[in-house]
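>>> coords below, sequence missing:
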């Protein structure tokens, strides 16, 4: 009985020590997804993946996707970038850009070229959902663009009818 109690006490101490070793920056680790402009489903879709590099440094992998609806066809384009962020005053900072964790709704506030919120998205469901929502709107925009382009490329005689001389 004494052995079981002693093992229980040791186990509880170990759990307390391990849980006390977490870093303030650990809450940033994972995938975060959102739109550059939440009121416009065709705005850039951003996904930020944050990994711990060292005690106060984090690797930030950013993926920015959008539909290119002004070329020869409507297609999804993605650009990626990688940076190192430092934990300062509870924020992840990269130069003049920062990420702030908002505890009440478990989101990240990006503050750089504009401000937007990112939701936790470790399973990519938010990214996939936002991309699916944008697709029919992008196709509609593409069709309108193609119709306008066709109208602009017709000759004035075809557009306005032949002139009587």
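Noted; the coordinates are in hand. What you see is a predicted model, and the numbers here were worked out from it, not measured in a lab. Residues are numbered from 1 along each chain as shown.
>>> how far away from the center of its chain is the host helix or strand of residue 80?
Residue 80 is part of strand 75-88 when elements are defined by DSSP states H and E. Remark: strand 75-88 is offset 9 Å from the chain centroid, using C-alpha atoms, centre = their mean, to the nearest Å.
>>> ok, residues contacting it?
When contacts are defined by C-beta atoms under 8 Å, 6 or more residues apart in numbering, strand 75-88 is touched by residues 23-25, 50, 53, 56-68, 92-94, 99, 131. Where you see a C-beta, it was placed from the backbone N, CA and C, and this is true even at glycine.
>>> what about residue 100, neighbour count?
Applying the criterion other C-beta atoms under 10 Å, we find 16 residues in the vicinity of residue 100.
>>> quick check: chain neighbours aside, which residue is closest to it?
Distances taken as C-beta to C-beta, 6 or more residues apart in numbering put residue 109 closest to residue 100, at 4.5 Å, once the chain neighbours are dropped.
>>> what average pLDDT does the helix or strand that contains the one you found get?
Per DSSP H and E: residue 109 is located in strand 107-112. Averaging pLDDT along strand 107-112 gives 90.
>>> which helices and strands sit right next to that strand?
Where contact means 3 or more C-beta pairs under 8 Å, 6 or more residues apart in numbering; DSSP states H and E, strand 107-112 is packed against strand 30-35, strand 45-52, strand 97-102, strand 114-120.
>>> quick one: contacts of the first one?
In other words, strand 30-35. Residues outside strand 30-35 that contact it (C-beta under 8 Å, 6+ apart): 41, 43-50, 107-108, 110, 116-122, 124, 126-127, 130.
>>> next one: the last one
Contacts to strand 114-120, defined as C-beta under 8 Å, 6+ apart, come from residues 30-38, 46, 48, 102, 106-110, 126.
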